[in-house]
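Undergrad: here is a sequence together with a model predicted from it:
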Amino acid sequence: MFDIIYALIGLIICTSIVIFFVKKKRGHKDFYFSVITVTFFGILCLFLIIWNTVDYIAIKNKDFQTVSGQCVVTEFESTGRTTNHQLHVEINGLVVFGEFDDFSDVRRGTYPCTVKYIEKTRTLFSIKPNSTNK
């Protein structure tokens, strides 16, 4: 949820820089390059704010989709400079993602389960293993 704060700060900084360049530095040799570049990053920050707001509204309204079936639960960790550590759950051809830290107690592998997720962003909200005993 704190991701929206970083995007909001980025949008405020980008907007401030664009306003500064438009008002004060029109004669600067890199005027157009600076304004276009900072505007691009401002639009990116705005996109991230909208993306996080959609998740926040869905959680507040309890607007989740529920799917039951055979789950394939895998852990994904990037090997680059970033620290992207996610839990991937594939169920009935649908793939949903969740932060690994939020679901670190979930068993990896293939087993029957019920998944609750946010439909628009395919963000995992909860996963519960189904009992195979009848």
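TA: Yes, it's here. Residues are numbered from 1 along each chain as shown.
Undergrad: quick check, Val18 in contact with Gly42.
TA: Yes. Using CB atoms under 8 Å, Val18 is in contact with Gly42, at 6.8 Å. Just so you know, the C-beta spots here come from the backbone N, C-alpha and C atoms, and that holds for glycine as well.
Undergrad: any stretches of the protein with poor pLDDT?
TA: 1-2, 80-83, 132-134 (pLDDT under 70).
Undergrad: now do the buried residues in stretch 47-59.
TA: Applying a neighbour-count criterion of 16 or more other CB atoms under 10 Å, one finds 48-49, 51-52, 55, 58 buried in stretch 47-59.
Undergrad: and stretch 103-117, by the same measure?
TA: By 16+ other CB under 10 Å, the buried positions in stretch 103-117 come out as 103, 106, 113, 115, 117.
Undergrad: which elements pack onto the helix or strand containing Ile17?
TA: Assigned by DSSP states H and E, Ile17 belongs to helix 3-24. Where contact means 3 or more CB pairs under 8 Å, 6 or more residues apart in numbering; DSSP states H and E, helix 3-24 is packed against helix 31-60.
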